[in-house]
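[1] can't give you the sequence, but here's the structure:
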């Protein structure tokens, strides 16, 4: 299938959003510190992971608009998210030390302030689940759904600690992305509920007529 006008608008919107994020955070690159770059990696990682989750409940719409198989669309966004989110703590560790990889449970407030640490491990559990989906057909989905936990941990961490979130525009964009992802999850769960209901009714009707 060829790229449709809606697909052009969709991709253009994503590009505009990515460029807008860059323009908002670019002024932070004022010295030789890696921290602004580290923050940029986190923002772009979150952006593409959120977009990957948003493709799931709107599978048909994305495929018809972009003209590509769902998994190709989903995996393209996910791959970019994986790259950026993986590099985020690595470069932060170069700047501040490798304690960045150790979750902190000293207090409730500290845990949520540094919630990006446990989110990193949950993130890879969700990725491994997707990689092993063919070998664990009945069990991989709940683990892959942990990606929504990652988004929650990430947005809390960003709001409490992220320097870029002092910019109200950045905060608004990413809080809206999180809200959209949660709304997408609700839509997907409702879609699954309707499918199960239809199948149950069809099964009951078939067995009732037998």
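    Everything's here; your move. None of the values given here were measured: they were computed from a predicted structure. Numbers count the residues shown, from 1 in each chain.

[2] What distance do you get for residue 181 to residue 103?
    23 Å (Cβ to Cβ, to the nearest Å). Every residue, glycine included, has its C-beta placed from N, CA and C.

[3] So for the two, which residue has more residues nearby?
    Taking neighbours as other Cβ atoms under 10 Å, residue 181 and residue 103 compare with residue 181 leading, 24 against 14.

[4] quick one, helices of the protein?
    In the chain, the helices defined using DSSP state H lie at 5-25, 35-55, 59-66, 70-96, 108-113, 116-131, 140-144, 147-161, 168-209.

[5] what about the fourth one, distance to the chain center?
    Looking back up the chat, that one is helix 70-96. Counting by Cα atoms, centre = their mean, to the nearest Å, helix 70-96 is centred 10 Å from the centre of its parent chain.

[6] Show the average pLDDT along it.
    For helix 70-96, the mean pLDDT works out to 89.

[7] Quick check on residue 133: phi, psi?
    Note on residue 133: backbone dihedrals following degrees, to the nearest 10 are phi -60, psi -30.

[8] what about the residue nearest to it when sequence neighbours are not counted, how many residues close to it?
    When the adjacent residues along the chain are set aside, residue 133 lies closest to residue 140, with 4.3 Å between them (Cβ to Cβ, 6 or more residues apart in numbering). Neighbourhood size, residue 140 [other Cβ under 10 Å]: 18.

[9] if I look at residue 140, how far off is residue 99?
    32 Å.

[10] just to revisit the earlier point, winner for burial among the helices of the chain?
    Highest mean neighbour count of the helices of the chain: helix 35-55, a mean of 21 (counted as mean count of other Cβ atoms under 10 Å).

[11] Pick out the shakiest of the helices of the chain, pLDDT-wise.
    Least confidently modelled of the helices of the chain is helix 59-66, at a mean of 77 by mean pLDDT.

[12] just the angle between that helix and helix 70-96, please?
    Interaxial angle of helix 59-66 relative to helix 70-96 (axes from the mean of the first three to the mean of the last three Cα atoms, to 10 degrees): 90 degrees.

[13] Can we start the residue count at 13 from this point?
    Sounds good: first residue 13 from here, last item helix 71-78.

[14] Contacts for helix 71-78 next, please.
    By Cβ atoms under 8 Å, 6 or more residues apart in numbering, the list of residues contacting helix 71-78 from outside reads 13, 15, 16, 18, 19, 22, 23, 67, 81, 82, 85.

[15] Show the contacting residues for the third one.
    Which is residue 16. Residue 16 touches 76, 77, 78, 79, counting by Cβ under 8 Å, 6+ apart.

[16] Out of those, which comes closest to residue 159?
    Ranked by distance to residue 159 (Cβ to Cβ), these are led by residue 78 at 21.0 Å.

[17] quick one, phi psi at residue 79?
    Given degrees, to the nearest 10, the pair of backbone angles that residue 79 has is phi 80, psi 20.

[18] from what I can see it touches residue 19, true?
    Yes - Residue 79 lies in contact with residue 19 (Cβ atoms under 8 Å); the separation is 6.3 Å.

[19] hmm, back to that, among the contacts of helix 71-78, which pair sits farthest apart?
    Across the contacts of helix 71-78 (Cβ to Cβ), the longest gap, 16.9 Å, separates 18 and 81.
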